[in-house]
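Colleague: kindly generate the corresponding structure for this input.
(one chain, ligands or ions: 1)
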Amino acid sequence: MDTTQILILILGLLAIAALGVGLVARHRRSTTQELPWEKREELTGGEELVPDEPASSEVQPAETPAEIAPEEAAPVDAAPSVLERPEPVVSRMERLRGRLASGGKLGKALLSILSRGDLSEADWEELEETLLMADVGLEATTELMDKLRTEIKVRGTSDPAEVRQILREELIKLVDPSMDRTLNVEPGIGDDGQAHPATILMVGVNGAGKTTTVGKLARLLVAEDKTVLLGAADTFRAAAADQLATWGERVGVEVVRSDREGADPASVAFDTVKVGREKGVDVVIVDTAGRLQNKAGLMDELGKIKRVMERSAPIREVLLVLDATTGQNGMRQAEVFAEVAGITGIVLTKLDGTAKGGIVISVQRALGVPVKFVGLGEGADDFAPFDPEGFVDSLLA
Ligand SMILES: Nc1nc2c(ncn2[C@@H]2O[C@H](COP(=O)(O)OP(=O)(O)OP(=O)(O)O)[C@@H](O)[C@H]2O)c(=O)[nH]1
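Modeller: Purely as a prediction, here's the structure:
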């Protein structure tokens, strides 16, 4: 064999080998295309394979529940495909009871002192300190101590069940179940004979959880079959309007807002009530910035908002949103707001994160208005009407 023949033979062998490899590869490819994806992965060692056809991106649009999607409540901002159904009020009150009063820490501390029997002055001082630490306030603490001293002496008891009963009765008196805690959301009839929505103005310092509370309150009202419109009059903080829009979208509630950052909050508040009237909603809730720059400035801002809102419909509620964890500092802010805004109720937020449940008692006493709602967590429905007896029972749980 000469060199040329050897060369031809080698080339021939190489060609046969290449044909063989090609056939095996083709066979492997056709096998993987017929296999389920997990089998293909085994075969390819996890190497990504391009499916023959693109995966179907079709998502069945879920039915919008008719009972929570009033026709007129198509949100101005993009509507989500599915509306949430907020939790009914009764069920949330039961669910959240355990979060009130931080698992009864205060109650346990009080009961352990009172059950010692034949209490010394040092015991009474310890009791006083415990109450003050829990933000019950000096006046209410003194009053409670006097009542307990008398009752325990008169009944001559240290029996834990009896002591608990005495403490329960006295605490309930302090929280005052006689205060009217209903939210006035009755629509009214204007001078022109037309129905107008009940309007609620939310006030409080930034960071108290005001915007979150507006969203949560809207959900609570939707759960009660009310139609709601929100007004983003916190034009100072641009994100507040977006935050409100997100809350609203989830439950089919529209938000009136200004396109311009720093716009006049009173003009947004006015528009909100006007739109609410035109749309015939039951309740309008207006969020405000509540910058506590100084008392006069705050008075000007809130005074103007109130005046323009009342041109279209009387304000039914002015709710002060207060962070329960801020102690005495929060109380001072509350007093300023109460003075300038004429509040009708208090919403205590973040009551889940504090053992200082005594603020319920002190803030009501200081401002003379009831705690109407409490925020008990970050969840959208972690918000409920305040129930004095349930609160005291949680304290003593
Ligand atoms: N644990 C708990 N967190 C809450 C509660 N209410 C509000 N928050 C949280 O507090 C934070 C502040 O709430 P926002 O509503 O955003 O308050 P902000 O925007 O700082 O200020 P304003 O809306 O102006 O009051 C958020 O992370 C909320 O989730 C509550 O009741 N419990």
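Colleague: what's the nearest residue to the residue of the chain found nearest the ligand if we skip its chain neighbours?
Modeller: Of all residues in the chain, Gly375 sits closest to the ligand, at 2.4 Å by C-beta to the nearest ligand atom. To be clear about C-beta, it is placed using only N, CA and C from the backbone, and glycine gets the same treatment. Leaving aside its sequence neighbours, Gly375 sits nearest to Thr349 (C-beta to C-beta, 6 or more residues apart in numbering; 3.6 Å).
Colleague: hmm, that neighbour is touching Leu322, no?
Modeller: Yes: using C-beta atoms under 8 Å, Thr349 makes contact with Leu322 at a distance of 7.0 Å.
Colleague: so for the two, which residue has more residues nearby?
Modeller: Leu322 (30 against 27; other C-beta atoms under 10 Å).
Colleague: doesn't that one lie inside a strand?
Modeller: Yes: membership of Leu322 in a strand is supported by DSSP: H, G, I helix; E, B strand; the rest coil.
Colleague: residues in contact with both of Thr349 and Leu322, list them for me.
Modeller: By C-beta atoms under 8 Å, 6 or more residues apart in numbering, Thr349 and Leu322 have these common neighbours: Ala208.
Colleague: in the stretch 201-350 of the chain, which spans are helices?
Modeller: 210-223, 238-251, 265-279, 295-312, 327-341 (DSSP state H, counting those that start in this stretch).
Colleague: pick the most deeply packed of those.
Modeller: helix 210-223 (a mean of 24; mean count of other C-beta atoms under 10 Å).
Colleague: mean confidence score for it?
Modeller: Taken as a whole, helix 210-223 has a mean pLDDT of 97.
Colleague: ok, back up a step: would you enumerate the residues in contact with the residue nearest to Gly375?
Modeller: 208-209, 212-213, 321-324, 374-375.
Colleague: and the helices of the stretch 201-350 of the chain as JSON lines, adding distance to the ligand?
Modeller: Converted to JSON lines, these look like this (distance: least, C-beta to the nearest ligand atom, whole Å):
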{"stretch": "helix 210-223", "distance to the ligand": "3"}
{"stretch": "helix 238-251", "distance to the ligand": "6"}
{"stretch": "helix 265-279", "distance to the ligand": "12"}
{"stretch": "helix 295-312", "distance to the ligand": "14"}
{"stretch": "helix 327-341", "distance to the ligand": "11"}
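Colleague: can you say which of those is nearest to Thr141?
Modeller: Comparing those against Thr141 with C-beta to C-beta, the closest turns out to be helix 327-341 (13.8 Å).
Colleague: against which helices or strands is the closest one packed?
Modeller: strand 198-203, helix 295-312, strand 315-323, helix 359-367 (3 or more C-beta pairs under 8 Å, 6 or more residues apart in numbering; DSSP states H and E).
Colleague: these: lowest mean pLDDT?
Modeller: Among the helices and strands packed on helix 327-341, helix 295-312 scores lowest, at a mean of 89.
Colleague: how big is the angle separating that helix from strand 315-323?
Modeller: 140 degrees (axes from the mean of the first three to the mean of the last three C-alpha atoms, to 10 degrees).
Colleague: going forward, the N-terminal residue is numbered 8.
Modeller: New numbering, starting at 8: the last item is helix 302-319.
Colleague: which is the next helix or strand following the helix or strand bottoming out on mean pLDDT in the chain?
Modeller: Lowest by mean pLDDT, DSSP states H and E among the helices and strands of the chain is helix 44-51, with a mean of 30. Downstream of helix 44-51, the first helix or strand assigned by DSSP states H and E is helix 96-103.
Colleague: tell me the angle that following helix makes with helix 217-230.
Modeller: With the same axes, to 10 degrees defining the directions, helix 96-103 sits at 130 degrees from helix 217-230.
Colleague: do you know how far Asp241 is from Arg284?
Modeller: Using C-beta to C-beta, to the nearest Å, Asp241 is found at 22 Å from Arg284.
Colleague: actually Gln340, not the one I wrote
Modeller: Going from Gln340 to Arg284 by C-beta to C-beta gives 32 Å.
Colleague: next, count neighbours for the closest residue to Val192 other than its chain neighbours.
Modeller: In space, and not counting its chain neighbours, Val192 is closest to Ala205: 4.3 Å by C-beta to C-beta, 6+ apart. For Ala205, the neighbour count with other C-beta under 10 Å is 23.
Colleague: repeat for Gly214
Modeller: For Gly214, the neighbour count with other C-beta under 10 Å is 10.
Colleague: for it, which residues are in contact?
Modeller: Asp330.
Colleague: would you mind listing what in the protein touches the ligand?
Modeller: 211, 213-219, 356-357, 359-360, 382-385 (C-beta under 6 Å from any ligand atom).
Colleague: where does the chain dip in pLDDT?
Modeller: Where the chain drops to pLDDT under 70, the residues are 8-88, 108-110, 300.
Colleague: how does it look with 50?
Modeller: 25-85 (pLDDT under 50).
Colleague: quick check: domain ranges of it?
Modeller: Using the TED database, the domain parsing of the chain gives 96-182, 195-394.
Colleague: now, of the ones you listed, which is deepest in the fold?
Modeller: Most buried of the domains of the chain, by mean neighbour count (mean count of other C-beta under 10 Å): domain 195-394, with a mean of 20.
Colleague: shouldn't Thr164 be in contact with Val170?
Modeller: Yes: assessed by C-beta under 8 Å, Thr164 is found in contact with Val170 at 6.5 Å.
Colleague: list residues touching both of these two?
Modeller: Contact criterion C-beta under 8 Å, 6+ apart; residues shared by Thr164 and Val170: none found.
Colleague: coming back round to it: show me what the residue nearest to Val192 is bridged to.
Modeller: Val290 (DSSP bridges).
Colleague: which residues does it contact?
Modeller: 191-195, 289-291, 320, 323-324.
Colleague: that'll do, ta.
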